[in-house]
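Participant: Below is the sequence, then the predicted model.
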Amino acid sequence: MEPLNPTLVDLSEELDKLGYKVVSHGDHICVRLPLFSSVRVRLAGDRFRFSAQFGPFGRSGGLLVTSGIAAGAVGVTAFMLGVVPLTLVAGFLGVVALAHDACRFVITEGALTRLQQLVATPKLLGGSGRAESRQIRATK
């Protein structure tokens with residue numbers, strides 16, 4: 001397994017100081033968020049790569065799993081029992097599960113934006129040499 005890049009170590013320490021729950025996973029760090037979601041931060045060359053996770057799945061995969069299970073539960077219940085209260089409950093739970101995914105989208109997108117701001121602004125990361133090399137330079 002590849003050792004963690006020193007730039008990611010610095011970022012991890014700064015995020016820890018700011019109160020984030022950060023876990024190192026070999027070649028990347030993982031910022032843990034509520035509702036079983038997280039943001040993975042990788043360094044590819046000199047660029048940061050961020051990916052939102054819903055448990056073990058990426059955001060799109062998590063949404064597909066939730067949608068598939070919800071649709072399958074409603075379909076099986078309706079096929080086996082017809083339109084009965086249990087079918088309506090299954091439909092309601094499916095909608096609640098999709099709303100839960102929508103909340104996770106909001107949480108992970110907010111975290112992604114905040115992490116990008118922290119990486120792009122070296123002053124927030126203590127002004128160290130490594131942080132200055134992470135600065136995104138604006139062009140005219």
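Facilitator: Cool, the structure landed. Residues are numbered from 1 along each chain as shown.
Participant: Do a quick rundown of the helices in the protein.
Facilitator: 6-17, 59-81, 85-120, 129-133 (DSSP state H).
Participant: for those, which one sits closest to F48?
Facilitator: F48 sits nearest to helix 85-120 of all these, at 5.4 Å, using CB to CB. In short, each C-beta sits where N, CA and C put it, glycine included.
Participant: count of residues packed around S24?
Facilitator: Using other CB atoms under 10 Å as the criterion, S24 is surrounded by 13 other residues.
Participant: which residues touch the closest residue in space to it that isn't next to it in sequence?
Facilitator: Leaving out its chain neighbours, the residue that sits closest to S24 by CB to CB, 6 or more residues apart in numbering is L4, at 5.4 Å. Contacts for L4 (CB atoms under 8 Å, 6 or more residues apart in numbering) come out as S12, S24, G26, D27, H28, I29.
Participant: are any of these buried, and which?
Facilitator: In the contacts of L4, burial by neighbour count holds for S12, H28, I29, counting by 16 or more other CB atoms under 10 Å.
Participant: any idea how far the residue most central in space within the chain is from L33?
Facilitator: A centroid search over the chain (CA atoms, centre = their mean) returns A52, at 2.7 Å, as the residue closest to the centre. For A52, the distance to L33 equals 9 Å [CB to CB, to the nearest Å].
Participant: hmm, which helix or strand of the chain has the shakiest average pLDDT?
Facilitator: helix 129-133 (a mean of 45; mean pLDDT, DSSP states H and E).
Participant: hang on, D101 packs against L63?
Facilitator: Yes - between D101 and L63 there is a contact at 5.4 Å, judged by CB atoms under 8 Å.
Participant: where do the contact lists of the two overlap?
Facilitator: F54.
Participant: Which single one of the contacts of L4 is nearest to V84?
Facilitator: H28 (47.4 Å).
Participant: Can you give me every residue that contacts the residue lying closest to that closest one once chain neighbours are set aside?
Facilitator: Among residues not flanking H28 along the chain, R42 sits closest, at 4.3 Å (CB to CB, 6+ apart). Contacts for R42 (CB under 8 Å, 6+ apart) come out as D27, H28, F48, R49, F50, S51.
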